[in-house]
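*Asks:* Mind looking at a prediction? Sequence and model below.
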There are 2 protein chains.
Amino acid sequence: MADVPSMEALEALLRRLPGIGPRSAQRICYDLLVRKRNLLPQLATALERAHAAVRFCERCNNLSEAPLCAVCKGLHRDHSLLCIVESPADLRAIEDTGMFSGDYFVLMGHLSPLDGVGPEALHLDRLSERLAEADLQEVIFATNPTLEGEATAQFLADLVPAGITISRIAHGVPVGGELEYVDRGTLGRALHGRRLLDE
Amino acid sequence: MADVPSMEALEALLRRLPGIGPRSAQRICYDLLVRKRNLLPQLATALERAHAAVRFCERCNNLSEAPLCAVCKGLHRDHSLLCIVESPADLRAIEDTGMFSGDYFVLMGHLSPLDGVGPEALHLDRLSERLAEADLQEVIFATNPTLEGEATAQFLADLVPAGITISRIAHGVPVGGELEYVDRGTLGRALHGRRLLDE
């Protein structure tokens, strides 16, 4: 397509989005340019609006269009619980369960010494303020079940003041999964973390 | 995400792209807003540029930024061959094989009486002009191997002036495929369309 440079440029940018390979990028371009031309300016406007409007919550780092996000502004949140996650997408995943009504703090990453990501990248000053709040009774680490996520939880646990409960979300077999297909590490942790039936 | 309307709007538009479901749209939004913010205005600009610059070739309907596309402007094309395809993406797929050096005509669709798409939608006036060109010796139908694609080829074949060869791209087993997994219809046509080994 040597004579359609603007389409090539669009394709190249689309390929940088997660889950979009060369074939998908090409398919999206043709779909937009041949069948859905009115989507082109609509998408452009939506991207610019999101770029201008969306920022990070001053209290928890969640995505928001106001200084405080919907969760932090919520009237019925339980301020005795603080759930620590790696990203705004993780926060949304937990909110979508409808089973947590406490506060959040989003680290915006995890410790990764090999990539040069040290504690200074994790907004520790603001986390320390949150950990010092009077209502707080339990800190729940919901960082990813990866090496980096576990190390980050271990590191941050040391910052939690004495007297506050520290917990980690459970590892185990996914609901609806079949034991046969669960990896050894997960199954081992599911056994280790077993609970009494009447709990 | 009740308080991030600009992100919701972007997600809704992304879901209208081919191959992007609700989860992918959400993932792309978070990736753009958290990790790749500078991509947002870049993508917006690329979409607007493509919208303004890309049009359809006046001769064959291929995507182009000039009145004539790169294929129609090509100096070494064989004007005795005319390949008829349904969409610019199909044209690109054939060009990418590097095995065809003739001309193209893009129908921009196929006959589909049930969807109200009749012959008037297929640019037949311009196709007739092409079919009347002095150099033309063979018309190759490369419409999709679907009911509509076959019907379209059958219908258009009647418009080809006498004396011009009419052909259809071969149906058969895909290169690299295994017979065991090829559907019956395809295998039947592969048998029917068999060729002598020394051809």
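*Replies:* Now that the structure is in, tell me what you want to look at.
*Asks:* In three-state terms, label A:Asn61 for me.
*Replies:* Classification of A:Asn61 by DSSP: H, G, I helix; E, B strand; the rest coil places it in coil.
*Asks:* State the distance from it to chain B.
*Replies:* Distance of A:Asn61 to chain B, given as CB to the nearest CB, to the nearest Å: 9 Å. Just so you know, the C-beta spots here come from the backbone N, C-alpha and C atoms, and that holds for glycine as well.
*Asks:* Just give the closest residue to that residue, not the sequence neighbours.
*Replies:* A:Val106 (3.7 Å; CB to CB, 6 or more residues apart in numbering or on different chains).
*Asks:* Only the buried residues of the helix ranked longest in chain A, if you could.
*Replies:* When chain A is parsed with DSSP state H, its longest helix is helix A:39-53. Using 16 or more other CB atoms under 10 Å in any protein chain shown as the test for burial, helix A:39-53 gives A:Leu39, A:Leu40, A:Leu43, A:Ala44, A:Thr45, A:Ala46, A:Leu47, A:Glu48, A:Arg49, A:Ala50, A:His51, A:Ala53.
*Asks:* Need phi/psi at A:Val117.
*Replies:* phi -100, psi 100 (degrees, to the nearest 10).
*Asks:* I'd assumed A:Ala162 was in a helix, is it?
*Replies:* No. With three-state DSSP as the criterion, A:Ala162 is coil rather than part of a helix.
*Asks:* Just give me the neighbour total for it.
*Replies:* Neighbour count for A:Ala162, taken as other CB atoms under 10 Å in any protein chain shown: 4.
*Asks:* Quick check: which ranges of chain A have low pLDDT?
*Replies:* A:1-2, A:198-199 (pLDDT under 70).
*Asks:* what's the nearest residue to A:Pro41 once chain neighbours are set aside in contact with, if anything?
*Replies:* The spatial neighbour of A:Pro41 that comes closest, neighbours along the chain excluded (CB to CB, 6+ apart), is B:His51 at 5.7 Å. Contact analysis of B:His51 by CB atoms under 8 Å, 6 or more residues apart in numbering or on different chains lists A:Arg37, A:Leu40, A:Pro41, A:Ala44.
*Asks:* how near is B:His51 to B:Leu107?
*Replies:* 23 Å (CB to CB, to the nearest Å).
*Asks:* The residue nearest to A:Asn61 contacts A:Arg92, correct?
*Replies:* No. In this structure, A:Val106 is not within contact of A:Arg92 by CB atoms under 8 Å, at 10.3 Å.
*Asks:* So if I had to pick from these two, which one is more boxed in?
*Replies:* Remark: of A:Val106 and A:Arg92, A:Val106 carries more neighbours, 26 against 17, as counted by other CB under 10 Å.
*Asks:* what are the phi and psi angles of that one?
*Replies:* Backbone torsions for A:Val106, taken as degrees, to the nearest 10, come to phi -100, psi 120.
*Asks:* Break chain A down into its domains, please.
*Replies:* Annotated domains of chain A cover A:7-53, A:63-168 [automatic domain parsing].
*Asks:* Out of those domains, which is closest to B:Gly102?
*Replies:* Shortest distance between B:Gly102 and the domains of chain A, using CB to CB, is found for domain A:7-53: 21.6 Å.
*Asks:* Would you pull up how far the closest one lies from the middle of the chain?
*Replies:* Between the centre of domain A:7-53 and the centre of its chain there are 24 Å (CA atoms, centre = their mean, to the nearest Å).
*Asks:* need the longest strand for chain A.
*Replies:* strand A:78-85 (DSSP state E).
*Asks:* Export the helix or strand immediately after that one in the chain to PDB, keeping only CA atoms.
*Replies:* Sequence order places helix A:88-97 as the next helix or strand after strand A:78-85, per DSSP states H and E. Extracted in PDB, the C-alpha atoms of helix A:88-97 (Å, rounded to 0.1, in the frame of the first residue of the first chain):
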ATOM      1  CA  PRO A  88      -6.600   1.000  38.000                       C
ATOM      2  CA  ALA A  89      -7.700  -2.000  35.900                       C
ATOM      3  CA  ASP A  90      -7.100  -4.300  39.000                       C
ATOM      4  CA  LEU A  91      -9.200  -1.900  41.100                       C
ATOM      5  CA  ARG A  92     -12.000  -2.100  38.600                       C
ATOM      6  CA  ALA A  93     -11.800  -5.900  38.500                       C
ATOM      7  CA  ILE A  94     -12.200  -6.000  42.300                       C
ATOM      8  CA  GLU A  95     -15.000  -3.400  42.200                       C
ATOM      9  CA  ASP A  96     -16.800  -5.400  39.600                       C
ATOM     10  CA  THR A  97     -17.000  -8.400  42.000                       C
END
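*Asks:* now for helix A:88-97, which elements pack on it?
*Replies:* Where contact means 3 or more CB pairs under 8 Å, 6 or more residues apart in numbering or on different chains; DSSP states H and E, helix A:88-97 is packed against strand A:78-85, strand A:102-106, helix B:22-30.
*Asks:* Using PDB, write out every CA atom in the second one.
*Replies:* Once side chains and other backbone atoms are set aside, the C-alpha atoms of strand A:102-106 remain, and they are given as PDB (Å, rounded to 0.1, in the frame of the first residue of the first chain):
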ATOM      1  CA  GLY A 102     -13.400  -0.700  51.500                       C
ATOM      2  CA  ASP A 103     -10.900   1.800  50.200                       C
ATOM      3  CA  TYR A 104      -8.100   1.300  47.600                       C
ATOM      4  CA  PHE A 105      -4.600   2.400  46.900                       C
ATOM      5  CA  VAL A 106      -3.200   1.900  43.400                       C
END
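*Asks:* okay, how far is it across stretch A:135-152, tip to tip?
*Replies:* Stretch A:135-152 has an end-to-end distance of 24 Å (CA to CA, to the nearest Å).
*Asks:* Also stretch A:160-177?
*Replies:* 35 Å.
*Asks:* picking that back up, export the contacts of B:His51 as a markdown table, with columns for distance to A:Leu179.
*Replies:* Formatted as a markdown table, these follow (distance: CB to CB, whole Å):
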| residue | distance to A:Leu179 |
| --- | --- |
| A:Arg37 | 51 |
| A:Leu40 | 49 |
| A:Pro41 | 51 |
| A:Ala44 | 49 |
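*Asks:* so who does A:Pro67 touch?
*Replies:* A:Cys57, A:Glu58.
*Asks:* Provide the secondary structure category for it.
*Replies:* Relying on three-state DSSP, one would call A:Pro67 coil.
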